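**Student:** Provide a 3D model corresponding to the input given below.
(3 chains)
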Amino acid sequence: MRVALKTDNDLHLNRRSFLRVSAAAAGGLLVSLYLDLPAAAQEGNQAPPPKVYPPDAFVHVRPDGKIVIQVNRLEFGQGVHTSLPMILADEMDADWSQVIAELAPAADVYKDPVFGFQVVGGSGSIAHSFQQYRELGARTRAMLVAAAAEQWKVGPDQCRTEASVVHGPGGKSAKYAELAEDAAKQPVPARVQLKDPSQFRLVGKRVRRLDSRPKCDGSLKFGLDLDLSGMKTAVVAHPPVFGGRVKSLDDKAARSVEGVREVFEIPLVKGTGVAVVADKFWNAKQARDRLKIEWDLSSVEHADSGQLSAKYKELARTPGNVAVNRGDQNAMDAIAAANRMVVEYEFPYLAHVPMEPLNTTIRFDGDRAEAWAGSQFQTFDQMAIAEVLGLKAEQVTFHTEMAGGGFGRRAVADSHVQREAAMIAKRLRGTPVKLVWTREDDVQGGYYRPMHVHRVEIGIGQDGMPAAWRHVIVGQSIIMSTPFAAMLVKNGVDESAVEGTADTHYNIPNFHVSAHHPTVNVPVLWWRSVGHTHNAFVMETLIDELATRAKADPIVYRRKLLKADAGKLHRALDLMDEKSAPWRTKLPKGHALGISCHQSFGTGVACAVDVSVEDKRPKIHRVTIALDPGIAVNPLTIESQFQAGVAFGVTQLMAKGAITLKDGRVEQRNFDGFTPPYIIDAPVAVDVHIVPNSEAPSGCGEPPVPVISPAVVNALAKLTGKRYRSLPLTAV
Amino acid sequence: METYKLTVNGQPREVTVDPGTPLLWVLREELKMTGTKYGCGIAACGACTVHLGGVATRSCVVPVSLVGKRPILTIEAMAEDPVGRAVQDAWVSHDVVQCGYCQSGQIMSAVALLKSTPKPTDVNIEESMGGNLCRCGTYVRIREAIKAASQQLK
Amino acid sequence: MRASSLMLRGMSVILVASGAWSALTLAGAARQDASQKSKAGASTRAGGLAAWQQVYSVLTHPRCINCHTATNYPQQGDDRHRHFANVVRGPAGKGVPALQCVTCHQEANADSTGVPGAHNWYLAPLSMKWQDLNEKILSSAEVCRAITDRSKNNNLDGAGLLKHHEEEPLVLWAFQPSRRIDGGMRTLPPLTHEQFVEVTRQWVAAGTPCPQNP
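**Tutor:** Take a look at the predicted model:
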């Protein structure tokens, strides 16, 4: 059956804008913005033809039958190392048992087709590359078939493919491995026929990960495990207050440590630090501990959590830059005080702390360089390294290493870790240098999910539904100082700070959302699900309170309040309702039910949790979670992401789940001070249910995170009678 | 600098290092065995877990000078051990790993648990695995895989 | 702190002289203050109680009390917070498989990594808890009662208690606790080990008297 080629326009995208990134000659960063204007399509203009990605950059059919597929994303747990090759292999009719996946290095051809740079983020891997990898697979198949057809002097229509074999008329057959060389000489077809979903053999199936065994037997190498001949290891002493500078340095004791090679001051993105280079990590660390550095901390702001909290609360009492202004702004005044509520929420800085500490290895050879890093931002990192080394981006070979988690921490617009490494590699020309950030460096090194205060005023209608809503959000902008500002900051509002509220799928009339973005001397960054982390907490706890106030069932209330066209949320809510019904009405004594639903990155999610209080902490016995992600490419990966994503989300509830600053210094040092969820903190059982949907795939990496904290807290509210307005939950 | 004679995965190995060097870094940098991971350096996460004299031990805080004659087993040896193999197989069949960085330590801890408690209860699992951190959050599948390995070893 | 213990040394010479005979005839670390009183006289008891207060001040210092908990977990640090990484007591106070005390704590302090160590690192049994379940330190009377109760203290008499304070590796550790993971030195109990042994001796010599009031 022929299937018409789907264009990018058919993909479900939140933002129909295309971003192209290029380096300006002077070494800065130019971002050009191409907007896909609906008007153009309406006028009958053809959408630009989808870029034809060259199969030979993505698929290598080896003579031994192995099929090596390049993954244009970092693998850091989310499973793209398996699911992207699955898509390609399915359209290609490859023998899955022969597929090997590799993480592609930095190169133009591996850029995200929507974002225009090489990245893992925005839960966009499958969403943006589904079509791309299907076409690549179909193209490769077409070329293999063309090669066979040519050999057999038959029409391609007379051939069929299955498990890496082309079958022709009269019982003829040829293995892909045998055809590969000829196939490569075939013209790359511009248009290809994609499978009807009913023909999928892999897509939609629970396919186990390709990288499991090597991750279980110690053989898989992460960036930190890299060992190159002649390699040195470096650590950097960072100022205790962001942006501080070295005033004086006594490195005598440091240099006396065995194996230390170099000690020198280096400029950082902000301020200066001291690099220590040694033969081995332990020596480097010992030497750094013996450095006597006097810091000049006088010319930078000393951020203080207590002061910021007070300042943010004050700011929240005034309207900020407007994000949403819908309906009648005087409607609130018409509502009696008894039917109004004003609440304030507070959220701390959060560290990502992925399990693998940050690291980058670089060797600089004068006219070229080679870099190895588990990077979510290869394009930017490659450019930054090139800039520091005085090279062009294409003179830097950038290898993408398997990473031990990321959650956004490895996607930094200023590429600060890479710049540090390049600075050191420059000094040690010819010698590969591995820069390692210790866990302490990581916990104290900034780039946190920003602190936020929300102030919400709600006017409740006679029907118990919100009739007016004024919402002020205060928090640093993640985007403003980055090249993405042009696209994601509008009217002084950073979209990533208000997402989850501004774009709510609830039908709230007279809705006003505004934001303040104070400038604070603390670097901030997107943390898995970004603005949804705090916005979903506020929305879903408030909606729950309104439901309680209206004496309504929390699921029924949400169903009623959601916009009719919030299809994914409705379906997720319905499925969660169905699947949790058997248990949620039969909770044991001391247990309570919590409900929440939220859409992020294109995916609607709803969950029900069974919570009790044990040892003064919330114990999450069970989570039933339903999602509508469009086509579920690998339901097994999705199930894992959701089972584990809710555990990740519990980070926000942990008693020690906050980064705080006092007089500019981060008060936490390691996991003893910033403590993420262990097994006892995570839900005991999580059952995941996927709404069958044939729409284009939407995100699955981040969507599980925002729903869990409000759901748990909604359950706690029933047990304790308290409302929780401030995270982390230091006390229940 | 001192010379230490160690037994690692059944093999005699000799290293010359500063006595305070943690066993973790001896394994990773002297012996180039990178299966044992550095996650925190303060024994809070368990990524560095090895078996020292048969006891699950956090190698990031044990200086090589305190190892003595106790034999060392690392993740690299688990495939040869019946319990280790069962755990690894269960991990694979249950698709436990995500980023995988913590899993060497998780497996070493799980093996230690099963060797001492072949039929662990939910409480046993929570207590024994309670100090192994997984940022990806794979705990639900870790529980399932431990139970599966326990079944398999019956 | 040290000054008062010096004063105590001065006093102790007199006390020991007068109380030695009665200490030697004691049947054990009995909680019968009345019988001690009648046997040894008020001055010995007062001296013994004063010595006991000194002992108590060491026992309730974080270096000791952090492992004498009522809960199923040890504490750590001068603020006695719950030990990180969810370590638990286990059936024998030695932790649980994969998370035993000796998973991290070796036979000696690990100076390069900041983890304390001594021979046979483990939690004192629940019979030797010196705090309540809310982590509140028990009173002098309560602790004294507990450690002199032979059904709870591993059947130690006065001499046994003294020997425990003199020789037990974990007790010795408290006085050489080494540096923390953040590089700072752990604080020491209010007495040196020598002084601690000395006041224990005095207290034992006085018949291990316990204060009446909680």
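**Student:** most distant residue from the centre of chain C?
**Tutor:** Note on chain C: the largest separation between a C-alpha and the mean C-alpha position, by CA atoms, centre = their mean, falls on residue C:98 (28.8 Å).
**Student:** which residues touch it?
**Tutor:** B:49, B:56, B:108, B:109, B:110, B:112, B:113, B:128, B:129, B:131, B:132 (CB atoms under 8 Å, 6 or more residues apart in numbering or on different chains). C-beta here means a position set from N, CA and C on the backbone, and glycine is covered the same way.
**Student:** number of residues surrounding the nearest residue to residue A:617 once chain neighbours are set aside?
**Tutor:** Spatial nearest neighbour of residue A:617, excluding adjacent residues (CB to CB, 6 or more residues apart in numbering or on different chains): residue A:732 at 6.2 Å. When counting by other CB atoms under 10 Å in any protein chain shown, one arrives at 18 neighbours for residue A:732.
**Student:** residue of chain B closest to chain A, please.
**Tutor:** residue B:35 (2.1 Å; CB to the nearest CB).
**Student:** check which helix or strand that residue maps to.
**Tutor:** Under the criterion DSSP states H and E, no helix or strand holds residue B:35.
**Student:** now it. Nearest residue, chain neighbours left out?
**Tutor:** Per CB to CB, 6+ apart, closest to residue B:35 is residue A:218, 2.1 Å.
**Student:** can I get the contacts of residue C:98 in CSV with neighbour count and secondary structure?
**Tutor:** Converted to CSV, the contacts of residue C:98 look like this (neighbours: other CB atoms under 10 Å in any protein chain shown; DSSP: H, G, I helix; E, B strand; the rest coil):
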residue, neighbour count, secondary structure
B:49, 34, strand
B:56, 29, strand
B:108, 32, helix
B:109, 28, helix
B:110, 34, helix
B:112, 26, helix
B:113, 26, helix
B:128, 28, helix
B:129, 29, coil
B:131, 30, coil
B:132, 28, coil
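**Student:** and the residues you listed near chain A, which?
**Tutor:** Contacts with chain A within those, counted by CB under 8 Å from any CB of the partner chain: B:129, B:131, B:132.
**Student:** tabulate the residues you listed (JSON lines), appending pLDDT.
**Tutor:** Shown next, in JSON lines, are the ones next to chain A among the contacts of residue C:98 (pLDDT from 0 to 100):
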{"residue": "B:129", "pLDDT": "98"}
{"residue": "B:131", "pLDDT": "98"}
{"residue": "B:132", "pLDDT": "98"}
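**Student:** from these, pick the one nearest residue A:111.
**Tutor:** residue B:132 (37.1 Å; CB to CB).
**Student:** tell me the spacing between the residue lying closest to that closest one once chain neighbours are set aside and residue B:84.
**Tutor:** Distances taken as CB to CB, 6+ apart place residue B:46 nearest to residue B:132, at 3.7 Å, with adjacent residues excluded. Using CB to CB, to the nearest Å, residue B:46 is found at 16 Å from residue B:84.
**Student:** check whether the residue nearest to residue B:132 sits in a helix, strand or coil.
**Tutor:** Put simply, residue B:46 is coil when judged by DSSP: H, G, I helix; E, B strand; the rest coil.
**Student:** list the contacts for it?
**Tutor:** Residue B:46 makes contact with B:39, B:58, B:102, B:105, B:106, B:109, B:131, B:132, B:133, C:85, according to CB under 8 Å, 6+ apart.
**Student:** likewise for residue A:510?
**Tutor:** A:326, A:327, A:328, A:329, A:331, A:332, A:459, A:467, A:468, A:469.
**Student:** can you say which of these are buried?
**Tutor:** Taking 16 or more other CB atoms under 10 Å in any protein chain shown as the criterion, what is buried in the contacts of residue A:510 is A:331, A:332, A:459, A:467, A:468, A:469.
**Student:** which residues does the residue nearest to residue B:35 contact?
**Tutor:** Shown in contact with residue A:218 (CB under 8 Å, 6+ apart): B:33, B:34, B:35, B:36, B:74, B:75, B:76, B:78, B:104.
**Student:** just checking, residue A:452 touches residue A:346?
**Tutor:** Yes. Counting by CB atoms under 8 Å, residue A:346 is a contact partner of residue A:452 at 7.4 Å.
**Student:** so what sits against both of these two?
**Tutor:** Residues touching both residue A:452 and residue A:346 (CB under 8 Å, 6+ apart) are residue A:312.
**Student:** could I get the phi/psi values of residue A:136?
**Tutor:** For residue A:136, the backbone dihedrals (degrees, to the nearest 10) come out as phi -60, psi -40.
**Student:** report the central residue of the chain.
**Tutor:** Chain wasn't specified; assuming chain A. residue A:121 (3.9 Å).
**Student:** was after chain B, sorry
**Tutor:** Centroid-nearest residue in chain B, with CA atoms, centre = their mean: residue B:108, separated by 3.0 Å.
**Student:** correct me, but that one touches residue B:57?
**Tutor:** No. Assessed by CB under 8 Å, residue B:108 is found out of contact with residue B:57, at 9.1 Å.
**Student:** residues that sit against both of these two, list them.
**Tutor:** With CB under 8 Å, 6+ apart as the test, residue B:108 and residue B:57 both reach B:49, B:50, B:51.
**Student:** how near is residue A:371 to chain B?
**Tutor:** Distance, residue A:371 to chain B, by CB to the nearest CB, to the nearest Å: 19 Å.
**Student:** now swap in residue A:586 and tell me
**Tutor:** Counting by CB to the nearest CB, the gap from residue A:586 to chain B is 20 Å.
**Student:** wait, a strand at that residue?
**Tutor:** No. Under three-state DSSP, residue A:586 sits outside any strand and is assigned coil.
**Student:** count of neighbours near it?
**Tutor:** If you count neighbours by other CB under 10 Å, residue A:586 ends up with 9.
**Student:** again, but for the one 5 residues further on
**Tutor:** Neighbour count for residue A:591, taken as other CB under 10 Å: 20.
**Student:** tell me the pLDDT of the residue nearest to it when sequence neighbours are not counted.
**Tutor:** In space, and not counting its chain neighbours, residue A:591 is closest to residue A:612: 4.7 Å by CB to CB, 6+ apart. pLDDT for residue A:612: 98.
**Student:** my guess is residue A:612 contacts residue A:593, does it?
**Tutor:** No. Residue A:612 is beyond contact range of residue A:593, at 11.0 Å (criterion: CB under 8 Å).
**Student:** need the residues of the stretch 201-350 of chain A near chain B, please.
**Tutor:** A:208-209, A:211-213, A:215-222, A:224-225, A:227, A:258, A:280-283, A:286.
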